[in-house]
Each structure stands twice: as C-alpha cells, then as structure tokens.
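S.K.: I'd like to go over a predicted model; first the sequence, then the structure.
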Amino acid sequence: MKALIAVGFIALTISGFLFVGGAAPYITVPPDHLFDIGGFQVTNTLTSAWAAMLVLLIVAFTAGPRMGLVPRGFSGFVEALLSAFFSICASVAGEQNTKRFFPLVATIFFYILVSNWMALLPGVKSVGLAIPDYGYQQPVMKQTEVPLLGTVAYIPFTPDHVDTKAGELPILPAVTAESLHLAEGDYVVSPDGTTFSGGVRGAFRPVNTDITAPLAIALVSFLFVEFWGLQSLGFAYLGKFFAFGAIKRGPMGLIDIFVGLLELVSELSRMVSFTFRLFGNIFAGSVLMLMMTFLIPFVLILPFYGLEIFVGTIQAFVFAVLTLVFAMMAVISHHGEDHDDEHGDAHQAAH
C-alpha cells in the first residue's frame with residue numbers, strides 16, 4: 001500500500017509539472033477595481049470581505065436560535081468554539097474583564113480567521129472578469145459572456161500559445177506587448193473572437209492582502225482600547241502619556257515626561273505593527289500559493305495549504321489576543337498598582 005501511495009504521489013507530481021502548464025501568476029499589491037455602486041468603487045478584496053461577513057451572519061443566525069441548555073449538532077459545535085475561545089481569553093484577562101472585552105475580541109478573531117481560510121478556496125484569484133488591456137505577458141485564455149456580469153474569462157489547463165490577429169501565426173508563451181509591437185491599451189484577439197491575451201480581474205482576493213483591511217481592524221482595536229481606558233480611569237488615563245505635572249519633581253520629573261511621550265509613541269505604533277504583521281503574512285502566503293501552484297501543481301501544493309491554514313489561524317489569534325492584552329493594560333491603574341506595592345512594602349517592613 002505504501003509503495004502504491006508513493007507511486008501515485010510521484011505520478012501526480014510529474015504529470016502536474018509536465019502537462020498542467022498553469023499560467024504565470026500576475027501579482028499586484030493594490031486590489032483590482034471590479035465595478036461601481038453609485039460612485040463607490042468595489043474591489044475584489046471588498047467582495048471577499050462581504051463574503052466573509054455573510055458566512056459569519058449565516059452561522060450566527062443558523063446556530064444562535066438553536067442554542068439551549070444541551071446544544072447539539074451545528075449549534076453545539078459553534079458554542080464549543082466560543083466557549084473554548086472565551087476560556088482562553090479568561091485565562092489572560094480574568095472572567096469579569098473578558099465579559100467586557102469578549103464581543104470585540106471574538107469578532108476580530110473569527111472575522112480574520114474566516115477571511116484567511118476563505119482565501120484558500122478554489123476560484124479565489126483565478127475566476128473573474130476579463131481585462132483585455134493589461135499590457136503584460138499573459139497566456140491565451142477563453143472568454144464567454146455571462147448574464148449580469150458581462151465578459152468573463154478563465155485559463156485552460158495548458159495555455160501553450162497566444163493567438164494573434166487574424167491571418168498571423170500563433171506565438172509561443174514568451175510573448176510580450178513589446179514583441180508584438182502593440183501600443184498601450186492594445187490587445188490580441190483570435191480570429192473567431194473566443195480567445196485573447198489579457199488578464200483576469202479576480203472576483204475575489206484575500207481580504208488582508210489589501211493593506212487598508214488590516215489597517216481598518218487595527219484602528220477599531222486601537223479606538224476601543226483607548227475608549228475602555230478612558231471609561232475605566234477617566235482623564236487620569238491620559239496621565240501616563242502626558243505626565244507634565246511631574247515637572248515639579250525636577251530632573252526626575254523630566255524623565256517621567258519623556259517616558260510618557262515614549263509610551264504615547266508606543267501606543268500609536270501598535271496600529272502600524274498590527275497592520276503590517278497581518279498584511280505581510282497573508283500577502284506573502286498568497287504569493288507563495290500562486291507560485292507553488294504555477295511551479296508544482298497537484299500534490300506538492302498540499303503542504304503549503306496546511307501551512308497557510310496554520311498561519312491564517314495564528315495571525316487571527318495573535319491579533320485578537322494582543323487586543324485583549326492591550327485592553328487589560330489600558331484599564332489597570334498604574335498609580336493604584338504603585339500605591340499597593342508601596343503599602344505592601346511598608347507592611348512587610350513593619351513586621
């Protein structure tokens with residue numbers, strides 16, 4: 001049996017490498033603009049965000065009403081996930097604070113998790129609208145008309161040539177717009193109009209490969225942390241950033257002021273670290289998956305799927321738990337802690 005599995009593994013790998021010549025991936029940092037809604041631009045990362053929210057809403061409305069004292073089936077599975085994550089948060093922040101922070105922290109975790117995992121579904125980044133004027137090297141693709149969407153395109157398993165204008169011979173894959181002497185905006189269509197050398201605007205793209213998505217989540221996290229700090233400590237919360245009253249203490253007071261300003265810079269820099277940590281990991285994973293699918297289709301891509309599932313989970317967990325930790329730090333009175341420590345030291349000295 002092991003020998004048969006090994007032979008099948010090798011056969012799939014070789015056949016994928018030799019006969020499934022996938023298209024060279026086209027990688028861009030900005031998301032693709034799909035269409036407009038009343039002047040509002042809709043990109044393929046935004047459609048992915050809507051899809052992730054739709055999945056979460058369907059889960060909530062499906063499992064929520066069926067939860068009871070003894071949940072079963074799908075609702076029991078959802079409750080088990082929520083209970084496990086609540087227990088993890090309670091071990092970090094305590095049960096009382098967790099009840100306060102959990103709605104936001106859990107929303108961040110499950111939204112990022114679903115967004116990252118949905119990016120691994122077949123068709124993401126490879127199914128979308130035809131763009132005949134990319135002006136980059138592209139293999140031949142098939143195009144067809146779809147009601148409501150218009151012209152859509154897909155790449156066959158073996159795109160081994162690029163069709164040229166009527167009456168000319170096909171050209172091998174290493175064709176560029178320059179080699180065809182095309183001006184900007186020109187493209188090549190086959191005589192029957194069924195194929196063209198162009199690009200595809202993917203209808204979906206991993207949400208967090210658009211840097212504005214992690215930035216938006218980081219801003220929400222930052223604003224809630226500051227709100228909870230002010231809510232718990234009042235304006236005294238700002239004292240750890242602007243300790244100007246310490247100037248009365250002389251040189252040591254100046255050190256306190258400088259430390260407070262450093263704390264403010266550290267607080268603001270969290271948004272940057274949150275944003276680029278999530279964006280960098282997910283974008284790098286997306287590029288890795290594209291390249292491995294192009295270079296070694298079929299079997300050898302599977303370990304990378306496992307890696308991306310793991311990375312997507314870890315990034316969601318890190319983002320959510322760091323938000324929880326920062327929220328805990330915000331609601332703790334540092335002056336109160338110092339006072340308690342001094343009182344404890346005095347009590348020990350007295351005995």
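M.R.: Sure thing, it's come through.

S.K.: okay, CA-based contacts and neighbour counts for the rest of this
M.R.: Fine.

S.K.: where are the low-confidence patches of the stretch 151-300 of the chain?
M.R.: 151-200, 244-251, 253, 297-298 (pLDDT under 70).

S.K.: residue ranges for the strands of it, please.
M.R.: Remark: strands assigned in the stretch 151-300 of the chain by DSSP state E, counting those that start in this stretch are 188-189, 195-197, 199-202.

S.K.: tell me, how many neighbours does His39 end up with?
M.R.: Careful, residue 39 is Gly and not His. 7 (other Cα atoms under 10 Å).

S.K.: and Leu56, how many residues sit next to it?
M.R.: Using other Cα under 10 Å as the criterion, the residues surrounding Leu56 number 16.

S.K.: For it, pull up the helix or strand it's in.
M.R.: Per DSSP states H and E: Leu56 is located in helix 44-63.

S.K.: In that helix, which of the residues would be classed as buried?
M.R.: By neighbour count, with 16 or more other Cα atoms under 10 Å as the criterion, the buried positions of helix 44-63 are 44-49, 51-53, 56, 63.

S.K.: May I have it as CSV, with CA atoms only?
M.R.: Only the C-alpha atoms of helix 44-63 are listed here, as CSV (Å, rounded to 0.1, in the frame of the first residue of the first chain):
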residue,chain,number,x,y,z
ASN,A,44,-12.2,42.2,-5.2
THR,A,45,-10.9,42.4,-1.6
LEU,A,46,-14.2,44.2,-0.7
THR,A,47,-16.3,41.4,-2.3
SER,A,48,-14.2,38.9,-0.2
ALA,A,49,-14.9,40.9,2.9
TRP,A,50,-18.6,40.9,2.2
ALA,A,51,-18.4,37.1,1.6
ALA,A,52,-16.7,36.6,5.0
MET,A,53,-19.3,38.7,6.7
LEU,A,54,-22.1,36.8,5.0
VAL,A,55,-20.6,33.5,6.2
LEU,A,56,-20.4,34.7,9.8
LEU,A,57,-24.0,36.1,9.6
ILE,A,58,-25.3,32.8,8.3
VAL,A,59,-23.5,30.9,11.1
ALA,A,60,-24.9,33.3,13.7
PHE,A,61,-28.5,33.1,12.5
THR,A,62,-28.3,29.4,12.0
ALA,A,63,-26.7,28.4,15.3
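
S.K.: Outside of it itself, list whatever touches it.
M.R.: Contacts to helix 44-63, defined as Cα atoms under 8 Å, 6 or more residues apart in numbering, come from residues 31-34, 74-76, 78, 111, 114-115, 118, 201-210.

S.K.: again, only this time at 6 Å
M.R.: Residues outside helix 44-63 that contact it (Cα atoms under 6 Å, 6 or more residues apart in numbering) are 32, 75, 115, 203-205, 207.

S.K.: Give the buried residues for stretch 320-332.
M.R.: In stretch 320-332, counting by 16+ other Cα under 10 Å, buried: 320-321, 323-324, 326-328, 330-331.

S.K.: Could you do stretch 284-292 as well?
M.R.: Within stretch 284-292, the residues scored as buried using 16+ other Cα under 10 Å are 285-287, 289-291.

S.K.: And stretch 266-275, by the same measure?
M.R.: Neighbour counts using 16+ other Cα under 10 Å place 267, 270-271, 274-275 of stretch 266-275 among the buried residues.

S.K.: Narrow these to those in helices?
M.R.: 267, 270-271, 274-275 (DSSP state H).
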